[in-house]
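Student: Test case, fold it:
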Amino acid sequence: MPGPWRRRGLPAPYAARALTGGRTAAQLVLSALIAADVMILADVLVRIVIRPWETPVSVLLAFVGGPLLVWIARSSRLSTAGAPA
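Tutor: Residues are numbered from 1 along each chain as shown. The predicted structure is shown next:
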């Protein structure tokens, strides 16, 4: 899925890896649960915070997922910059 919908799952594997310590099976299950929770939380926030108008969930997810994508890209580039080729 292109665009903001794809970004909703972006923080899930990173958060799951931090919580499980790298155990693959637990990370997979927790990653799916976190992605679902992020989607539900975004939907609730959009419905409550911006009450009179109906704002698409993808707008909120883009505001969160865009900067997170940039931060992850920069941090991974910095961590691999000094690694031997």
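Student: Next, count neighbours for Leu41.
Tutor: When counting by other CB atoms under 10 Å, one arrives at 12 neighbours for Leu41. Glycine gets a C-beta too; all of them are placed from N, C-alpha and C.
Student: Would you enumerate the residues in contact with it?
Tutor: With contacts defined as CB atoms under 8 Å, 6 or more residues apart in numbering, Leu41 has no neighbours.
Student: How about Arg47?
Tutor: Residues counted as contacts of Arg47 (CB under 8 Å, 6+ apart): none.
Student: Val44 and Tyr14, how far apart?
Tutor: Per CB to CB, to the nearest Å, Val44 is found 22 Å from Tyr14.
Student: Same question for Gly21.
Tutor: 13 Å.
Student: Compare the two (neighbour count), which wins?
Tutor: Tyr14 (13 against 8).
Student: So that one is in contact with Ser75, correct?
Tutor: No. Tyr14 lies out of contact with Ser75 (CB atoms under 8 Å); the separation is 10.1 Å.
Student: what's the spacing between the helix or strand hosting Val38 and its chain's center?
Tutor: Secondary structure from DSSP states H and E places Val38 in helix 24-49. Remark: helix 24-49 is offset 9 Å from the chain centroid, using CA atoms, centre = their mean, to the nearest Å.
Student: do stretch 60-79 as well
Tutor: On CA atoms, centre = their mean, the centre of stretch 60-79 falls 9 Å from that of its chain.
Student: And stretch 53-63, what's buried?
Tutor: 57-58, 60-62 (16 or more other CB atoms under 10 Å).
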